[in-house]
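Novice: Any chance you can model this:
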Amino acid sequence: MTADGQAAASTIGRQIEVFAASTNGEINAAFESMMQKRTDALLIGTNVFFATRRVQFATLAARHKLPAMYFGRDFVEAGGLMSYGPNIDFLYRLNGIYVGRILKGEKPAELPVMQPTKLEFVINLQTARTLGIEVPPALLAIADEVIE
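Specialist: Numbering: from 1, shown residues only. Just a heads-up that it's a prediction; the model follows:
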């Protein structure tokens, strides 16, 4: 967590704690620790290992009644509350552009780094109801997709 993030949290009277995990057991232990500390919400950072454990995260968050925000829509489709991150279909198109340029003779080392420019916000209303969360209409209005 950056110093800016910690400072922003403290201005609204919140504290950020970072948990790291690289095994299923460590994920379970992190959730137990969060429950002991009475954590209010969870933000899952971008991590390939976490992406392969999306069902585990969604299940544990629901079991512990912990609202969680994720980096990809796959988590929300697996039962997570909400996500904000790059549109995966768009990233696949970027990959195709790179491959096409390389096949036309461009050197990979000379290609510019391309960042995702299309982000999507997805909300799972069923999960919100399970958690007892009323999602404000203004938030629903800006969502790219709402899963009933």
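
Novice: what's near enough to touch the nearest residue to S33 once chain neighbours are set aside?
Specialist: Leaving out its chain neighbours, the residue that sits closest to S33 by C-beta to C-beta, 6 or more residues apart in numbering is F19, at 6.8 Å. No exception for glycine: its C-beta is placed from N, CA and C like everyone else's. By C-beta atoms under 8 Å, 6 or more residues apart in numbering, the contact set of F19 is A30, S33, M34.

Novice: Let me have those residues in CSV, adding distance to T2, neighbour count and secondary structure as columns.
Specialist: Output for these, formatted as CSV (distance: C-beta to C-beta, whole Å; neighbours: other C-beta atoms under 10 Å; DSSP: H, G, I helix; E, B strand; the rest coil):
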residue, distance to T2, neighbour count, secondary structure
A30, 20, 18, helix
S33, 22, 12, helix
M34, 20, 19, helix
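
Novice: Tell me the one among these nearest to I97.
Specialist: A30 (37.6 Å; C-beta to C-beta).

Novice: Break down the protein into its strands, ranges please.
Specialist: 42-43, 68-70, 82-86, 119-124, 145-147 (DSSP state E).
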